[in-house]
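Asker: Quick one, fold the following:
(one chain, ligands or ions: 1)
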Amino acid sequence: MEVTLAKTAGFCFGVRRAVEKVYEQSEGSEGPVYTFGPIIHNEEVVNDLEKRGVKTLDTEEELASLTAGTVIIRSHGVPRRIYELLDRKGIRYVDATCPFVRKIHKVVEKNSREKGQIVIVGDSRHPEVEGIKGWCHTEPFIVDSVKTAEKLPIKEDIPLCIVSQTTFNYNNFKDIVEILKKKRYDSLVLNTICSATEERQAEAARIAACVDAMIVIGGKHSSNTQKLFEICNKECKNTYYIQTLVDLDLKPFQSFRHVGITAGASTPNKIIEEVQKHVRNEL
Ligand code: F3S
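Answerer: Alright, predicted model coming up:
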């Protein structure tokens, strides 16, 4: 049995940085430590942090009711009004917004202030997109598919500024941009897809295309893991989505000779290692 582990599997730079900040704060801060939303889409890590006293705040109301403690803003980033709320309340915060996401906030802030129409290519329900939206001075269009792009009511005289969610699929982004550019020539296109995502997706597709089975590890709510699964499944029909080793049933693997493994940006190394070792030992 040959096992190929993707080099790009697991934590990206932004997630590693955010998780490290939470562990640092859990050890060194006075008073309670909170993260606004789960720090990453990984139950194992969130549970471990909970054991160290880090609580997750799920809503803006919960955040508004705080009177003390430290709030950590996760790598997805948040709308400007969250910083304003924390400042108003005098709550200490540690900003772990990924610098690549922060850059998008600055771009949309500037371009919407200068009267451009912002288009965010991404999933409107994703917190990163909500965060980006929250830095626009005017209502942005949020486009997640070619179909939506085709229907977009774009005005003639307003320049477009197109950005994307950092974890969006590159090929879908290209197709959407092509449609928008046909509608409006005066457009500024910023491919803000993070290279960590592109590299992880490209490597996963490459591996999936030449193995008998592919294992994708990641939290079930992690959108980048879901996309990774879709990409691998296109190349290899025997693609399995697991959260941890517990979900891995090796029965169907008996006839496979070559297995590939990749993992989403919020999957800790420890879990990837466990899965890899288990597959190598058991098959
Ligand atoms: Fe940042 Fe890219 Fe990760 S935007 S959070 S390094 S996927």
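Asker: what's the neighbour count on residue 54?
Answerer: As a burial measure, residue 54 scores 21 neighbours (other Cβ atoms under 10 Å). Using the backbone N, CA and C atoms, a C-beta is placed for each residue, glycine as well.
Asker: list the contacts for it?
Answerer: 22, 25, 26, 33, 34, 35, 39 (Cβ atoms under 8 Å, 6 or more residues apart in numbering).
Asker: With respect to pLDDT, which of those ranks lowest?
Answerer: In this model, the minimum pLDDT among the contacts of residue 54 belongs to residue 39 (92).
Asker: In the stretch 101-250 of the chain, which residue sits nearest the ligand?
Answerer: Nearest to the ligand in the stretch 101-250 of the chain, going by Cβ to the nearest ligand atom, is residue 194, at a distance of 2.9 Å.
Asker: My read is that that residue contacts residue 166, right?
Answerer: Yes. Using Cβ atoms under 8 Å, residue 194 is in contact with residue 166, at 4.0 Å.
Asker: So for these two, which sits in the more crowded spot?
Answerer: residue 166 (29 against 22).
Asker: Is it correct that that one is in contact with residue 129?
Answerer: No. Contact between residue 166 and residue 129 fails when scored by Cβ under 8 Å: they sit 9.9 Å apart.
Asker: that older thread, quick check: the residue of the stretch 101-250 of the chain closest to the ligand vs residue 158, distance?
Answerer: 28 Å (Cβ to Cβ, to the nearest Å).
Asker: Which residue, other than its chain neighbours, is closest to residue 136?
Answerer: Closest residue in space to residue 136, ignoring its immediate chain neighbours: residue 112 at 4.3 Å, by Cβ to Cβ, 6 or more residues apart in numbering.
Asker: what residues are up against the one you found?
Answerer: Residue 112 neighbours (Cβ under 8 Å, 6+ apart): 118, 135, 136, 137, 138, 140, 161.
Asker: Could you count how many residues lie near residue 209?
Answerer: 13.
Asker: What separation do you get for it and residue 226?
Answerer: Taking Cβ to Cβ, one finds residue 209 at 19 Å from residue 226.
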